[in-house]
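Undergrad: sharing a model that was predicted from the sequence below.
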Amino acid sequence: MAVLRIARLGHPALRRVAEPIPPERIADPAVQRLVDDMIETLRDHDGAGLAAPQVLQPLRLVVLAIEPGADPLVLINPELSFLGQSMIRSFEGCLSVPELRAAVNRVGQVRVEALDRQGEPLSLDLEGFGAIAVQHECDHLDGVLYVDLAEPRSLAFLKEYRRFGPPVVGEGEDDGEDDGEE
(Lines give C-alpha, C1' and ligand atoms only; values in the text may rest on other atoms or scores of the structure.)
Protein backbone atom coordinates (compact mmCIF):
# COMPACT_ATOMS: atom_id res chain seq x y z
CA MET A 1 0.00 0.00 0.00
CA ALA A 2 1.05 3.58 -0.61
CA VAL A 3 0.12 7.04 0.60
CA LEU A 4 -1.06 8.93 -2.46
CA ARG A 5 -0.57 12.60 -3.32
CA ILE A 6 -3.69 14.65 -2.67
CA ALA A 7 -4.65 17.29 -5.22
CA ARG A 8 -5.16 20.74 -3.75
CA LEU A 9 -7.65 23.46 -4.60
CA GLY A 10 -6.79 24.77 -8.06
CA HIS A 11 -5.77 21.41 -9.53
CA PRO A 12 -7.99 20.69 -12.57
CA ALA A 13 -8.54 17.08 -11.45
CA LEU A 14 -10.80 18.40 -8.69
CA ARG A 15 -13.14 20.09 -11.17
CA ARG A 16 -13.78 17.18 -13.53
CA VAL A 17 -16.76 14.85 -13.37
CA ALA A 18 -15.52 11.37 -12.51
CA GLU A 19 -16.30 8.29 -14.61
CA PRO A 20 -18.18 5.25 -13.28
CA ILE A 21 -16.19 2.10 -12.66
CA PRO A 22 -17.61 -0.75 -14.76
CA PRO A 23 -18.76 -3.48 -12.33
CA GLU A 24 -16.68 -6.08 -14.14
CA ARG A 25 -13.52 -4.01 -13.38
CA ILE A 26 -14.03 -3.83 -9.61
CA ALA A 27 -12.07 -7.05 -8.99
CA ASP A 28 -9.13 -5.88 -11.13
CA PRO A 29 -5.91 -5.65 -9.10
CA ALA A 30 -5.48 -2.00 -10.15
CA VAL A 31 -8.88 -1.02 -8.72
CA GLN A 32 -8.33 -3.02 -5.53
CA ARG A 33 -4.86 -1.47 -5.12
CA LEU A 34 -6.39 2.00 -5.56
CA VAL A 35 -8.94 1.21 -2.83
CA ASP A 36 -6.16 0.03 -0.49
CA ASP A 37 -4.02 3.07 -1.27
CA MET A 38 -6.94 5.44 -0.71
CA ILE A 39 -7.63 3.85 2.68
CA GLU A 40 -3.94 4.16 3.59
CA THR A 41 -3.94 7.79 2.44
CA LEU A 42 -7.10 8.56 4.41
CA ARG A 43 -5.61 7.06 7.56
CA ASP A 44 -2.26 8.81 7.05
CA HIS A 45 -4.02 12.19 6.80
CA ASP A 46 -6.50 11.37 9.61
CA GLY A 47 -9.39 12.19 7.29
CA ALA A 48 -13.05 11.24 7.39
CA GLY A 49 -13.39 10.68 3.66
CA LEU A 50 -11.52 10.65 0.40
CA ALA A 51 -12.75 10.60 -3.20
CA ALA A 52 -10.71 9.22 -6.10
CA PRO A 53 -10.50 12.60 -7.91
CA GLN A 54 -8.63 13.93 -4.87
CA VAL A 55 -5.84 11.43 -5.61
CA LEU A 56 -5.88 12.25 -9.34
CA GLN A 57 -8.04 9.30 -10.36
CA PRO A 58 -11.15 10.37 -12.33
CA LEU A 59 -13.26 7.50 -10.98
CA ARG A 60 -16.51 7.36 -8.99
CA LEU A 61 -14.94 5.86 -5.88
CA VAL A 62 -15.16 7.07 -2.28
CA VAL A 63 -13.79 5.78 1.02
CA LEU A 64 -15.41 6.98 4.26
CA ALA A 65 -14.26 6.58 7.85
CA ILE A 66 -17.36 7.74 9.69
CA GLU A 67 -17.41 5.18 12.52
CA PRO A 68 -14.43 5.26 14.89
CA GLY A 69 -12.57 1.97 14.93
CA ALA A 70 -14.50 0.47 12.00
CA ASP A 71 -13.05 -0.30 8.60
CA PRO A 72 -13.69 2.53 6.13
CA LEU A 73 -16.70 2.17 3.86
CA VAL A 74 -15.89 1.71 0.19
CA LEU A 75 -18.47 3.20 -2.16
CA ILE A 76 -18.16 2.52 -5.88
CA ASN A 77 -20.42 4.49 -8.23
CA PRO A 78 -22.41 5.98 -5.31
CA GLU A 79 -25.78 7.60 -5.87
CA LEU A 80 -27.41 9.81 -3.26
CA SER A 81 -31.05 10.43 -2.56
CA PHE A 82 -32.28 12.88 0.04
CA LEU A 83 -34.56 11.62 2.79
CA GLY A 84 -36.62 14.57 3.87
CA GLN A 85 -35.91 18.26 3.63
CA SER A 86 -34.34 19.05 7.00
CA MET A 87 -31.00 20.80 6.67
CA ILE A 88 -28.01 20.77 8.98
CA ARG A 89 -25.20 23.29 9.08
CA SER A 90 -21.66 22.27 9.90
CA PHE A 91 -18.16 23.61 9.55
CA GLU A 92 -16.42 21.48 6.96
CA GLY A 93 -12.81 21.02 6.02
CA CYS A 94 -11.20 19.07 3.19
CA LEU A 95 -7.89 17.34 2.55
CA SER A 96 -7.79 19.16 -0.81
CA VAL A 97 -8.37 22.54 0.85
CA PRO A 98 -5.98 22.27 3.80
CA GLU A 99 -6.11 24.59 6.77
CA LEU A 100 -9.55 26.08 6.01
CA ARG A 101 -13.01 25.58 7.49
CA ALA A 102 -16.37 27.03 6.43
CA ALA A 103 -20.07 26.64 7.16
CA VAL A 104 -22.04 24.51 4.71
CA ASN A 105 -25.73 23.60 4.77
CA ARG A 106 -26.48 20.00 3.85
CA VAL A 107 -29.48 17.68 3.88
CA GLY A 108 -29.69 15.97 7.28
CA GLN A 109 -30.63 12.47 6.09
CA VAL A 110 -29.55 10.71 2.91
CA ARG A 111 -29.58 7.30 1.33
CA VAL A 112 -26.49 6.18 -0.55
CA GLU A 113 -26.65 3.29 -2.96
CA ALA A 114 -23.37 1.96 -4.32
CA LEU A 115 -21.32 -1.12 -4.95
CA ASP A 116 -18.88 -2.26 -2.27
CA ARG A 117 -15.31 -3.29 -3.00
CA GLN A 118 -16.49 -6.80 -3.93
CA GLY A 119 -19.01 -5.34 -6.39
CA GLU A 120 -21.99 -6.18 -4.19
CA PRO A 121 -24.89 -3.71 -3.93
CA LEU A 122 -24.91 -1.60 -0.81
CA SER A 123 -27.62 0.71 0.52
CA LEU A 124 -27.15 2.86 3.62
CA ASP A 125 -29.31 5.48 5.27
CA LEU A 126 -27.11 8.08 6.96
CA GLU A 127 -27.83 11.08 9.12
CA GLY A 128 -25.82 13.71 10.93
CA PHE A 129 -22.07 13.47 10.38
CA GLY A 130 -22.40 10.44 8.08
CA ALA A 131 -24.83 12.33 5.84
CA ILE A 132 -22.53 15.36 5.75
CA ALA A 133 -19.44 13.27 4.94
CA VAL A 134 -21.03 11.24 2.14
CA GLN A 135 -22.46 14.38 0.49
CA HIS A 136 -19.07 16.10 0.74
CA GLU A 137 -17.24 13.17 -0.86
CA CYS A 138 -19.88 12.55 -3.55
CA ASP A 139 -19.64 16.24 -4.47
CA HIS A 140 -15.98 15.59 -5.34
CA LEU A 141 -17.15 13.05 -7.93
CA ASP A 142 -19.00 15.87 -9.71
CA GLY A 143 -16.19 18.43 -9.50
CA VAL A 144 -17.73 20.33 -6.58
CA LEU A 145 -15.77 21.43 -3.49
CA TYR A 146 -17.27 22.43 -0.17
CA VAL A 147 -15.99 25.98 -0.61
CA ASP A 148 -18.35 26.27 -3.60
CA LEU A 149 -21.29 25.69 -1.24
CA ALA A 150 -19.95 27.51 1.82
CA GLU A 151 -21.13 30.74 3.35
CA PRO A 152 -18.23 33.01 2.24
CA ARG A 153 -18.15 35.01 5.47
CA SER A 154 -17.74 31.81 7.49
CA LEU A 155 -14.34 30.91 5.98
CA ALA A 156 -11.62 30.60 8.58
CA PHE A 157 -8.12 29.21 8.74
CA LEU A 158 -7.92 26.13 10.95
CA LYS A 159 -5.60 27.76 13.49
CA GLU A 160 -7.98 30.68 14.00
CA TYR A 161 -11.02 28.37 13.93
CA ARG A 162 -9.50 26.33 16.77
CA ARG A 163 -8.46 29.43 18.71
CA PHE A 164 -11.57 31.60 18.32
CA GLY A 165 -14.27 29.14 17.30
CA PRO A 166 -16.48 29.30 14.23
CA PRO A 167 -16.90 32.78 12.76
CA VAL A 168 -20.21 34.40 13.60
CA VAL A 169 -21.91 34.67 10.23
CA GLY A 170 -23.82 37.91 9.94
CA GLU A 171 -21.53 39.85 12.26
CA GLY A 172 -20.65 43.18 10.67
CA GLU A 173 -22.91 42.70 7.65
CA ASP A 174 -24.51 45.72 6.04
CA ASP A 175 -27.91 46.36 7.62
CA GLY A 176 -29.04 48.35 4.62
CA GLU A 177 -28.96 51.67 6.45
CA ASP A 178 -26.78 54.50 5.18
CA ASP A 179 -24.42 55.59 7.95
CA GLY A 180 -22.90 58.32 5.82
CA GLU A 181 -19.45 56.73 5.65
CA GLU A 182 -17.83 55.69 2.40
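TA: Received, thanks.

Undergrad: and the strands in this protein?
TA: Secondary structure of the chain by DSSP state E: the strands cover 49-51, 61-64, 73-82, 87-94, 97-107, 109-115, 121-127, 156-157.

Undergrad: output those strands as TSV; include the columns mean neighbour count.
TA: Placement of C-beta: from N, CA and C, glycine included. Below are the strands of the chain laid out as TSV (neighbours: other Cβ atoms under 10 Å):
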stretch	mean neighbour count
strand 49-51	27
strand 61-64	28
strand 73-82	20
strand 87-94	18
strand 97-107	18
strand 109-115	19
strand 121-127	14
strand 156-157	16
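
Undergrad: could you redo those as TSV and give each row mean pLDDT?
TA: Shown next, in TSV, are the strands of the chain (pLDDT from 0 to 100):
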stretch	mean pLDDT
strand 49-51	98
strand 61-64	98
strand 73-82	98
strand 87-94	96
strand 97-107	97
strand 109-115	98
strand 121-127	97
strand 156-157	96
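
Undergrad: export the ones you listed to TSV and append columns for distance to residue 23.
TA: Formatted as TSV, the strands of the chain follow (distance: least, Cβ to Cβ, whole Å):
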stretch	distance to residue 23
strand 49-51	19
strand 61-64	13
strand 73-82	8
strand 87-94	29
strand 97-107	27
strand 109-115	6
strand 121-127	10
strand 156-157	42
